[in-house]
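Colleague: No sequence on hand, only this structure:
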């Protein structure tokens, strides 16, 4: 599944997206995003590009931690997601500078080299040409800029892996279909996670795209992984 089908799928599940994220992850998704933002290393007055921003959870967490000293641009190709994010931004009690734009990961509507960090949570597994999109993120970073990618992955521990597969392949699609009204979205999810590269292989893709100081951190026994890397200071 790629391109327009993915866009239509996220547009369809947008109204129940946040609720299902919290329910199906037992609210671990909130903690995973906090880990991402805690790892963010940007100067004061930084500009951050949050790709596949969805309903704005990562952008809002950055705003909560950094305040208006950091400008966050949230980009997503599903207008319904952006609209929900706009409402959440308007309701937040924190002083945040979060802006939105509709667009896809391969063509961010900005000039290259203008961001201190690029973030993406739970989006890159939906992109088939991962190396190409990593190169796009590289181009839009300033020298020394940081890339942070949060993604669902397969746990390594045998018992946990078996339990995970039972939940992901048997229970999650049924619950997701009942609560979201989408027959395909939550059947697609476990398949996309299963096909995602291993942590070491994805780190190698990041290096091939030009990033250095590449590392990863397993979260919740490897159910989720945070990948980080930096654009070299001495390269274009």
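Modeller: Arrived safely, thanks for sending. Computed from a predicted model, the values in this text were never measured in an experiment.
Colleague: Report the rounded mean pLDDT for the lengthiest strand in the chain.
Modeller: Assignment by DSSP state E gives strand 141-152 as the longest strand of the chain. Strand 141-152 shows a mean pLDDT of 97.
Colleague: For it, name the packing helices and strands.
Modeller: helix 28-38, strand 115-121, helix 130-140, strand 224-230 (3 or more C-beta pairs under 8 Å, 6 or more residues apart in numbering; DSSP states H and E). C-betas here are computed from N, CA, C, even on glycine.
Colleague: how many degrees apart are the third one and strand 224-230 in direction?
Modeller: In this case it means helix 130-140. 50 degrees (axes from the mean of the first three to the mean of the last three C-alpha atoms, to 10 degrees).
Colleague: just the second one next, same as before
Modeller: Regarding strand 115-121 and strand 224-230, their directions subtend 160 degrees when assessed with the same axes, to 10 degrees.
Colleague: and strand 115-121, what does it pack onto?
Modeller: If contacts are counted by 3+ C-beta pairs under 8 Å, 6+ apart, strand 115-121 sits against helix 28-38, strand 47-51, helix 57-66, helix 130-140, strand 141-152.
Colleague: Residue 221: which of those is closest?
Modeller: helix 28-38 (10.6 Å; C-beta to C-beta).
Colleague: Would you mind listing the buried residues in the closest one?
Modeller: 29, 32-33, 36-37 (16 or more other C-beta atoms under 10 Å).
Colleague: so which of those residues comes closest to residue 56?
Modeller: For the buried residues of helix 28-38, the nearest to residue 56 is residue 33 (10.7 Å; C-beta to C-beta).
Colleague: so that closest one sits right up against residue 58, yeah?
Modeller: Yes. Residue 33 lies in contact with residue 58 (C-beta atoms under 8 Å); the separation is 5.4 Å.
Colleague: where do the contact lists of these two overlap?
Modeller: Listed as contacting both residue 33 and residue 58 by C-beta atoms under 8 Å, 6 or more residues apart in numbering are 121, 150.
Colleague: Fine, thanks again, bye for now.
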